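Q: fold the following and give me the result.
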Amino acid sequence: QVQLVESGGGLVQAGGLLTLSCAASGTFFSIGVMGWYRQASGKQRELVATVTKLGIANYADSVKGRFAVSRDNVKNMVYLRMNRLKPEDTAVYYCHAAISTSRTLTTFNDYWGQGTQVTVPS
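A: Residues are numbered from 1 along each chain as shown. Coordinates of the predicted model:
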């Protein structure tokens, strides 16, 4: 059973800083791309940032220059450092990872965390 568990959400004032963490646990053989998505109330889930196993990052335009994604391949963790937060960043943030439970690494499946709320009051 593979699990992704997020931590670090909360309420922060506009302009502030918050870091989210996500840990993958269970039995698996490899983790591919990891990242963060968010879903604001009444809106669809959207990509925030992803990072490959080699550390190549990709960001949504709305967070470029403010957010930084990173990962620790030894600890099987991914982080999202959010700086200069804005009210429009308010959302539930979900950790995502493509994980292979196959010894041959032929198939990677999508796994999601339970979500963590980030609130930036206006």
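Q: spatially central residue for the protein, please.
A: Trp36 (2.5 Å; CA atoms, centre = their mean).
Q: buried residues, the helix or strand containing Cys22. List them.
A: Counting by DSSP states H and E, the secondary-structure element that holds Cys22 is strand 18-25. For strand 18-25, the neighbour count (16 or more other CB atoms under 10 Å) marks Leu18, Leu20, Ser21, Cys22, Ala23, Ala24 as buried. Heads up, the C-betas are built off the backbone N, CA and C, glycines and all.
Q: stretch 95-104 too?
A: Of the residues in stretch 95-104, Cys95, His96, Ala97, Ala98, Ile99, Ser100, Thr101 count as buried by neighbour count, 16+ other CB under 10 Å.
Q: can you put those residues in CSV and add pLDDT?
A: Compiled in CSV, the buried residues of stretch 95-104 are given as follows (pLDDT from 0 to 100):
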residue, pLDDT
Cys95, 98
His96, 98
Ala97, 98
Ala98, 97
Ile99, 96
Ser100, 93
Thr101, 91
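Q: between these, which sits nearest Thr119?
A: Checking the buried residues of stretch 95-104 against Thr119 with CB to CB, the nearest one is Cys95 at 17.8 Å.
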